[in-house]
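[1] Just to be clear, the model below is a prediction. Sequence and coordinates:
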Amino acid sequence: MTNILNISPILASMLIVLLPFLAFVIQAVLGRKSTSGIFSLVAIVMSTILSGFFVFSEVWNSIPLHADYTWFTIGEKTFDIGILLNNLTVLMQFIVCIIALPVHIYSKSYMKGDSGIHRYWMYLSLFCFAMLGLTISKNLLMMYIFWELVGFASYLLIGFWFTKDSAVQANKKAFLINRIGDLGFLIGISVLFTTFGTLDIVDILGKDGLFYHGIIDRNSGLMTAAGICFFLGAMAKSAQFPLHLWLPDAMEGPTSVSSLIHAATMVAAGVFLLSSIFPLFNETVLLIIAIIGTITAITSSIFALAQYDIKKVLAFSTISQLGYMMVAVGIGAWDAGMFHLATHAFFKCLLFLSAGAVIHEMSHLKANSNIDFDPQDMRNMGGLRQYMPKTFVLMSIASLALAGFPLTSGFLSKDAIVISAFEWALHQGGLYLVIPIILVIVSVLTAFYIGRLIFKTFFGTLRVKVGHEAYVHEAPKTMLIPLAFLAVCSFFFVFSLNPFSYANASIMNGLYVNYTFPEIYSLHTIIPITLTLTALISWWLGYNWYVKGKYPLNANSKLILLAQNQFGMNEWMMKTFVNPTIQLGKISFWFDKYIVDGIINGTSYILKQLSNLITWIDKYIVDGIVNGIAKLVYELGNAFRFVQNGRLQNYMGFALTVVLIGIIYLILR
Amino acid sequence: MITLTHFLVVSACIFCIGLYTVIAKRNAIMILIGIELMINAAILNFVAFSKYDKTNYGGQVFALFAIVLAAASVAVGLAIILNVYRHYKTINPDNITDLRD
Amino acid sequence: MGLLSLLIFLPLIATALILLLPASMRQSYKYISLGFTVVQFALSGYLYTQFDNTVIGINQASGFQFVEQLAWIRLDLGSLGQLEIDYFLGVDGVSLPLLVLSAFVMLMAIGASWNITKSTKGYFALLMLLNMAVMGIFCALDFFLFYIFYEVMLLPLYFLIGIWGGANREYAAIKFFIYTLFGSVFMLLIIVGLYFSVINPETDAHTFNMLHMMNPNNYVDGSFFAYMNNYYEVLGIPARMLGFIVLFFAFAIKVPIVPLHTWLPDAHVEAPTPVSIILAGILLKIGGYGIIRVCYSIFPDAAADANWWLGLIGVISILYGALNALAQKDLKRLIAYSSVSHMGFVLLGVASLTAEGISGALFQMLSHGFLSAALFFLVGVIYDRVHDRYIYNFRGLASHMPTYTGFVAVAFFASLGLPGFSAFIGEAFVIIGTFNAESVGTGIPRWMAIAGSVGILLSAAYLLWTLQRMFFGQTRFKGGEEWASALTDVNIRERIILFPTLALALLLGIMPSLVFDKMNATVLNLVSLVSQYL
Amino acid sequence: MNLEVFLFYAFAMLAIGSALLVVSLKNTARALFLFFITLFSMAGLFLFALADFVAITQIMVYVGGVLILMIFAFMLSNKELLADLQNISGSFLSLPSWQSVLLAIGFFVVILIGLKEWNNDMPEWILSNIKSGDIILPNDNNIQQLGIKFMTQYVLPFEVISIFLLMALIGAAHLSRKEENR
């Protein structure tokens, strides 16, 4: 096909990025006139086709390609727009396309009838543009630009229903927390720029790059700082503890958006970034990454246990899985991380979309009854299996994949991470073992909470009593087909022909990484079996608790409330960072108004008073002397006025008197 | 022997009386009389000095001139007084104070 | 008559024309102003296309383009020698973009003045006078000429704020005037000092030519500002450092820096919308331009010594301005404080003395010129309609005025540094350049870059918070139905003004080379000029 | 003391005494008649100065012209004048008469002092004329001499004076003319 159309992968990848942008522009220009989303759909379909046939198939497992176009020059440094196509980037791009496509189709019916749908399509295309651009950026500056644009698109989509206060709070929070990460990214870029004088990934990290010439000491403080800064960026975007707070709130956006952006693609960008620049990281940074990843995984799985909102469970689950990926990067097995990213993208997207279908129906139910209830609250659901059997099946497949059940894709990728973690920990020895053990616990918890979700939603009977069960029915075809597609992709055969070993997975081979630790074969059997067994036990427990109603715990116990509340981290965040900042702002304004400006106004007041004083002196003393003399002369003149009385004789008398005096003077002289 | 000094002393007396009249009298005609007195005093001086100037007779000539002028001045002065009287209905110079400030 | 003279004095013709026309033709004033400004903008565009990117500017007469040099004042001062003042104009990579920016912002300001009804004759005449002065400042290469334009600029602004301003306008106008005059009066002293220190090598006469002032060889040995044998001190500060500090403060008041910024919020809040646009779009740039053209070029040795402090002031301005903006409840005041914050980046970038930092700073000036002008215009839109701009009096404007909200959102995101818009390029390269400074050894530590980047975060915080408070949520106005009917969406005229502005911000964000290509050679020359003293 | 000296003193006393009476009388009519006496005695004094023609002219012009004129004027200003003359009262702002007296006496003293000084230092021409005997003697024909002088040496002043006199008379007539349009 390439020969027929003669499109080079570089050009194709550019088209892939630009098509959604074009759709965005057209949609933005048309505005409300176009609500069908046809431009976005066409764009993403074409992008997917291009990505599959002209880029992925061309570049995967063959020579990496890259191209540079001069962008601008500052001083003597030239910045390029570069496209880098290697296994990692084309894989990522393909994943984004292949996830975005079903989400688009799904949205078509899911968002039907929304008054702002034209905006929805616009934002969605913008997001696709940014995300696809991010994947193939060769230049870190360019990557940063797309990185922020992704955040911006996410901001727009979270706040899509902008009349809802919680939504606009959430999108502000998301953007600001992401901004913290962005600053890390920017500082990281600055470090690299000051060290290498360029931001080109190939020039820095490529086979002939500066990095391998050994000029730069990877363990230097500056490089550690750079690593931590980049990781900070990734932390924010990939919702790592403690910057994960925005993600649960981001569920305020439409569910289709959550599935695409906040489950499959954007949040994975952090992992992708770390994988792209992996050689930069030294031992210290990697250890930090691993530790943060572990903490994230365990805390958010605990939080997930106690959530009632169906989307929040999935959100915490996403965070927890992202923690897994981070651990994979941290232990040096970033190929496993990327593998998990790929598999996770599919089944998590599927989970969200299914949940979306459920919420969709519950909202219908709410709209058709007069009872006010939260359509996302699992406490109102139950027994939906009867009404939505297909959805139930599809969601179950996704849940199994999430829990890492054999034959699913999740089994392969999760095992890859856990096993590698054990191998790494055993190689390092000592306390490092805590990390893989925690990962196992997380795995069990994962199985439990996803089981809880399924049991609470689909088993039993509908808890909200409306008497209009008839309104709950299967999702429409346009929603089910994408779901089905994603469900197929959640099985092992998409990634590896061997259902029990990740070693043969094409992604793992494609992204081949030299591990720093030896392989331990026994683990490859022990771990999967352990994980599967524990998952089964947890499901049995969950079934007993939630379906059979033998719930042994107090739902209002402090611990559960605390977990539901994320250990009060949001409040703590508000108390420690947000409020003090606002307070600081107020204080500084007070300072500005009363001290800085006060000094100015005070000075002017003093000057005014001084000038008043001088005016007084001028008026009453300086001018007073002048006026006094004038007054004296006046009074004197007034006193002599009687001389001028018009009487001739008087004049004459005076004249003669003066003459007489004069003569006397002359005589006496 | 009547010396020049005698004449001069008499003339001084007449002059001072005229001066007093001019200043002190509240009647325009009396003022005119005062002026005449002073002129007469002057004429007396002219005449007295004339005695010592036989060649020119300057003193007597000018005495004559002065008499004539005095007559003219009286004529004009009286005309003025009459006019003033017509205008102000008084010839008391105290009441004619248009030059006052 | 050269192109630059034409550019400068075109508005003066407009002023004369407006003043000559009888009041019965008052409708024509705005069209006259608009026409002349359009011609001016076209002319500046022509200059832009004719500009040769390779010439290096700054301290060499041959590095300037469109040069016009005429002997202006020649006066024999006896024992003091010959007084030599030239009419000397020219542009280089620093001034050219600012020239284009000024013409553009003027165009915007005239567009924003369309509905002015209060004594239009004086208004447009003053506006055109201001236009002339601003153009002159960016072109003048003779210090005396520069100073004249600098002072001429104050007068129309004083009246524009003082007559056409808001409730507290006299206070603001006087505050603005005194502040600026305070700076420039001391500047005059330094100008005179420089005059007596510098001689024109060709004629051996003292000169006001700035380019001669930039050459150390032209200084008389032992004179007040001499490089060699200079033992002058004032209060223990060496004379050259003193000159630098005084000039710096003169321009820094304009920038403005903390703590000399308090005229800015008052002036902005009280000024009518077009004047706010000019203030933010052009006036603040004159400060930055002056620091580069005058402080750094004439006193490079002092600049090299003082740049740590400048960087510090820049960082303080960034953070302080941002924190203040966070506490504002008046939308216009918020934007005024955000200007303080954004202009802090300019100072930081210039202080970094790296090519990236200075280019970033210049770019930030341009970008802030467009964006703050657009922001003030946007504030003007709602103020025109309901005469209120208190943030908490509005809520949910997005549903009520969707297009307006769209413009506001774009302008907000552009000015908080969203990639793709010009502000991002400016801020990012200031941060990168500042970070790089320690490696180059210009004496700016890295923590300043990091502290500066916190300003980017804060700017996102206050702008997004405002967006949330004013535009999102359920629609609710303080003025109720009356406001709801008054608050119509942006009209055609406003769109015509806003769209090109934001499009330009976008264009520059995507193709920064449009500007960087013009200024690269100049910036490199500036860096080499200063860095030899490091 | 011979008769000449006695007569001189008598005429001097008469002139001074009558003049004093003129100024001290409140009745203007009486004063005017007393003024006759003064003028006569002045004419007598002129005789002692060997100016007989001047004395005659004095009597003719003054007594025959001026005084008659004054009496006419006095009578023309109507009789209210007489009442007006009665209430002579030194008003506050006017110069009280004692001041005038003081002034007059002051002048008199000054003149006397001047005379005394002058006596010690007579002008040169008087002394030389006395020495050369070029002085008028009682037996000289003064009138003839004056006539010759007027027509020769003093002809110009004489003519000027006549014209002046004419002007003064015309002026006086014009001034005292009754104006109808007032």
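    Looks like it arrived, so ask away. Just so it is clear, the structure is predicted and the values come from calculations on it, not from any experiment. Numbering: from 1, shown residues only, chains lettered A, B, ... in the order given.
[2] pull the longest helix from chain D.
    helix D:97-120 (DSSP state H).
[3] swap in chain B?
    helix B:58-88.
[4] Domain map for chain A?
    Domain assignment for chain A, taken from automatic domain parsing, gives A:282-564, A:599-668.
[5] Mind giving me the packing neighbours of the one helix or strand in chain B whose mean pLDDT sits lowest?
    Here the helix or strand of chain B ranked lowest by mean pLDDT, DSSP states H and E is helix B:58-88, holding a mean of 84. Helix B:58-88 is packed against helix B:28-50, helix D:52-57, helix D:67-76, helix D:142-151, helix D:155-175, with contacts defined by 3 or more C-beta pairs under 8 Å, 6 or more residues apart in numbering or on different chains; DSSP states H and E. The C-beta positions use only the backbone N, C-alpha and C, and glycine is treated the same way.
[6] Point out the most buried one among those.
    Counting by mean count of other C-beta atoms under 10 Å in any protein chain shown, helix B:28-50 has the highest mean neighbour count of those, with a mean of 24.
[7] quick revisit: compare the mean pLDDT across the helices and strands packed on helix B:58-88 and name the weakest.
    Per-stretch mean pLDDT for those is lowest at helix D:67-76 (a mean of 77).
[8] one step back: got the angle for the longest helix of chain D vs helix B:28-50?
    If you take axes from the mean of the first three to the mean of the last three C-alpha atoms, to 10 degrees, helix D:97-120 sits at 10 degrees to helix B:28-50.
[9] What are the buried residues along helix D:97-120?
    For helix D:97-120, a neighbour-count test (16 or more other C-beta atoms under 10 Å in any protein chain shown) marks D:97, D:99-100, D:103-104, D:106-108, D:110-111 as buried.
[10] Counting by contacts, list what that helix packs against.
    Here helix D:97-120 touches helix A:648-668, helix B:4-24, going by 3+ C-beta pairs under 8 Å, 6+ apart.
[11] who touches whatever helix or strand comes next after that helix?
    Per DSSP states H and E, the first helix or strand lying C-terminal to helix D:97-120 is helix D:124-132. Applying C-beta atoms under 8 Å, 6 or more residues apart in numbering or on different chains, the contact partners of helix D:124-132 are B:4, B:49, B:52-54, D:135.
[12] let's see it at 10 Å
    Under the criterion C-beta atoms under 10 Å, 6 or more residues apart in numbering or on different chains, residues B:4, B:49, B:51-55, D:122-123, D:134-136 lie in contact with helix D:124-132.
[13] backbone phi and psi for whichever residue of chain A sits closest to chain C, please?
    Residue nearest to chain C within chain A: A:Gly75 (2.5 Å; C-beta to the nearest C-beta). Backbone torsions for A:Gly75, taken as degrees, to the nearest 10, come to phi 60, psi -120.
[14] Find the nearest non-adjacent residue to it, please.
    Closest residue to A:Gly75 apart from its sequence neighbours, by C-beta to C-beta, 6 or more residues apart in numbering or on different chains: C:Ala355 at 2.5 Å.
[15] which residues does the one you found contact?
    So C:Ala355 contacts A:73-77, C:429, C:433, C:436, C:440, C:516, C:519-520, C:523-524, C:526-528 (C-beta under 10 Å, 6+ apart).
[16] on that earlier part again, mind checking which of the contacts of helix D:124-132 are buried?
    The buried subset of those - by 16+ other C-beta under 10 Å - is B:4, B:49, B:51-54, D:135-136.
[17] how about the residue in the stretch 351-500 of chain C that chain D sits nearest to, phi and psi?
    Nearest to chain D in the stretch 351-500 of chain C, going by C-beta to the nearest C-beta, is C:His387, at a distance of 73.2 Å. With angles defined as degrees, to the nearest 10, C:His387 sits at phi 50, psi 50.
[18] Make sure it is actually in contact with C:Leu487.
    No - counting by C-beta atoms under 10 Å, C:His387 stays clear of C:Leu487, with 11.5 Å between them.
[19] Show me the shaky parts of the chain.
    Assuming you mean chain A. A:1-6, A:207-216, A:466-471, A:554-555 (pLDDT under 70).
[20] meant chain C, my bad for not saying
    Residue ranges of chain C with pLDDT under 70: C:1, C:229.
[21] residues contacting the residue sitting nearest the centre point of it?
    Residue closest to the average C-alpha location in chain C (C-alpha atoms, centre = their mean): C:Lys285, at 1.2 Å. Neighbouring residues of C:Lys285 by C-beta under 10 Å, 6+ apart: C:97-98, C:101-102, C:105, C:134, C:137-138, C:254-255, C:343, C:346, C:362, C:365-366, C:368-369.
[22] Look up the closest residue to it, ignoring the ones flanking it.
    Distances taken as C-beta to C-beta, 6+ apart place C:Met365 nearest to C:Lys285, at 4.9 Å, with adjacent residues excluded.
[23] doesn't C:Ser102 make contact with that neighbour?
    No - the criterion here is C-beta under 10 Å, and C:Met365 misses it with C:Ser102 at 11.2 Å.
[24] Please enumerate the shared neighbours of these two.
    Counting by C-beta under 10 Å, 6+ apart, the shared contacts of C:Met365 and C:Ser102 are C:285-286.
[25] ok, now which ones touch residue 99?
    Picked chain A for this. So A:Ile99 contacts A:48, A:131, A:259-261, A:263-265, A:268, A:342, A:345-346, A:348-350, A:482, A:486, A:489 (C-beta under 10 Å, 6+ apart).
[26] Actually, chain C is the one I wanted.
    Counting by C-beta under 10 Å, 6+ apart, C:Leu99 has contacts C:4, C:7-8, C:40, C:43-44, C:47-48, C:51, C:91, C:134-135, C:137-139.
[27] Could you tell me which residues of chain A lie near chain D?
    Residues of chain A found near chain D, taking C-beta under 10 Å from any C-beta of the partner chain as the criterion, are A:642-643, A:645-647, A:649-654, A:656-657, A:659-661, A:663-664, A:666-667.
[28] 7 Å instead?
    With C-beta under 7 Å from any C-beta of the partner chain as the criterion, chain A meets chain D at residues A:642, A:645, A:647, A:649-650, A:653, A:656-657, A:660, A:663-664, A:667.
[29] one step back: list only those of the contacts of C:Ala355 flagged as buried.
    A:73-75, A:77, C:429, C:433, C:436, C:440, C:516, C:519-520, C:523-524, C:526-527.
[30] Closest one of the residues you listed to chain B?
    Nearest to chain B out of these is C:Leu526 (C-beta to the nearest C-beta; 79.7 Å).
[31] Would you confirm that the closest one contacts C:Ile56?
    No - if you go by C-beta atoms under 7 Å, C:Leu526 and C:Ile56 don't touch, sitting 9.0 Å apart.
[32] Tell me the residues that contact both of these two, please.
    With C-beta atoms under 7 Å, 6 or more residues apart in numbering or on different chains applied, the contact sets of C:Leu526 and C:Ile56 do not overlap.
[33] which regions of chain D sit below the pLDDT cut-off?
    Chain D contains residues with pLDDT under 70 at D:1, D:77-96, D:178-182.
[34] Mind doing that once more with 50?
    D:89-95, D:182 (pLDDT under 50).
[35] what's in contact with the stretch of helix or strand C:Ile32 belongs to?
    C:Ile32 belongs to helix C:27-50 when elements are defined using DSSP H and E. For helix C:27-50, the external contacting residues (C-beta under 7 Å, 6+ apart) are C:3, C:6-7, C:10-11, C:13-14, C:17-18, C:21, C:66, C:91, C:96, C:99-100, C:103-104, C:106-107, C:110, C:113-114, C:120-121, C:124, C:127-128, C:131.
[36] what do you get for stretch C:114-127?
    C:15, C:18-19, C:23, C:26, C:29-30, C:33, C:109, C:113, C:156, C:159-160, C:164, C:493.
[37] and if you look at stretch C:8-26?
    Outside stretch C:8-26, the residues that touch it by C-beta under 7 Å, 6+ apart are C:28-29, C:32-33, C:36, C:39-40, C:120-121, C:124-125, C:128-129, C:131-132, C:135-136, C:139.
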